[in-house]
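Undergrad: just the structure for this:
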Amino acid sequence: MREWLLADPRFDIDDIVALADDQYGPETEGILTKSPATLRRHATITATVQLFDKAKEFLAVCRSVDNPDMPDGRLLGFCWFDRGGYTTYSTEEISNSKFHFVDKSLSPRLRITLINEMIDQHILWAGNCGIPVVCSTSIRMEHNAFVKIHEKREFTVNGSYAWIRTEKGLEWLSRTSQVQKNLQGDPHP
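TA: Residues are numbered from 1 along each chain as shown. As a prediction, the model looks like this:
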């Protein structure tokens, strides 16, 4: 089993930095000089601020719980979204994904499940904050699966950018949630 929680600045930051640095750090080699201390500072500030203002940024972790195949508390992944993005040709606010990181040693099925859960959280958070557009991007060399996940969810994909109006994303979530209830035989659809 797994559990999603808002990142806690006291307990989650070291694991976030380690996962990002160990597994995703090579993606920027030769382009950016990595600074785990800088990531630690930004993640700590974001996790602390969201304790008091959940509408500023969103940083959540997924950990293993009650799972005989994995040690309890193991970080499986984390997602981080911000707000306040704008294009030069629109006045509508955009929530951008900063990270959708999953432990690459997990099974492909679980990695895809976690990415889908991250996208759900992004859409729901943007909806709760009144942000009209959600944007996911990838700098990874291998981003085809990431893009396909977004396409299946009715995002518009341009290169490695996936965009959706938050309202459309919420409608998609509602439809798929209803389908799941019907498949499970929920007597109160």
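Undergrad: could you use CA atoms for every contact and neighbour count after this?
TA: Fine.
Undergrad: so how far is residue 79 from residue 119?
TA: 9 Å (CA to CA, to the nearest Å).
Undergrad: who has more neighbours, these two?
TA: residue 79 (25 against 22; other CA atoms under 10 Å).
Undergrad: gap between residue 7 and residue 89?
TA: 34 Å.
Undergrad: mind checking which of those two has more residues around it?
TA: residue 7 (25 against 6).
Undergrad: let me know the pLDDT of that one.
TA: Per-residue pLDDT puts residue 7 at 97.
Undergrad: stretch 123-143: which residues count as buried?
TA: If you call a residue buried by 16 or more other CA atoms under 10 Å, then stretch 123-143 has these buried ones: 123-127, 131-138.
Undergrad: inside strands: which ones of those?
TA: Per DSSP state E, strands hold the following members of the buried residues of stretch 123-143: 133, 134, 135, 136, 137.
Undergrad: point out the least confident one among these.
TA: residue 137 (88).
Undergrad: for that residue, give the beta-bridge partners.
TA: residue 161 (DSSP bridges).
Undergrad: so who does it touch?
TA: 96, 97, 160, 161, 162 (CA atoms under 8 Å, 6 or more residues apart in numbering).
Undergrad: now do residue 124
TA: Counted by CA under 8 Å, 6+ apart, residue 124 has contacts residue 170.
Undergrad: rerun at 10 Å
TA: Applying CA atoms under 10 Å, 6 or more residues apart in numbering to residue 124 gives the contacts 118, 130, 166, 167, 169, 170, 173.
Undergrad: check residue 57 too.
TA: 46-47, 49-50, 80-84, 95-96, 125-126.
Undergrad: any chance of TSV for the contacts of residue 137, columns neighbour count?
TA: Shown next, in TSV, are the contacts of residue 137 (neighbours: other CA atoms under 10 Å):
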residue	neighbour count
96	22
97	20
160	15
161	15
162	21
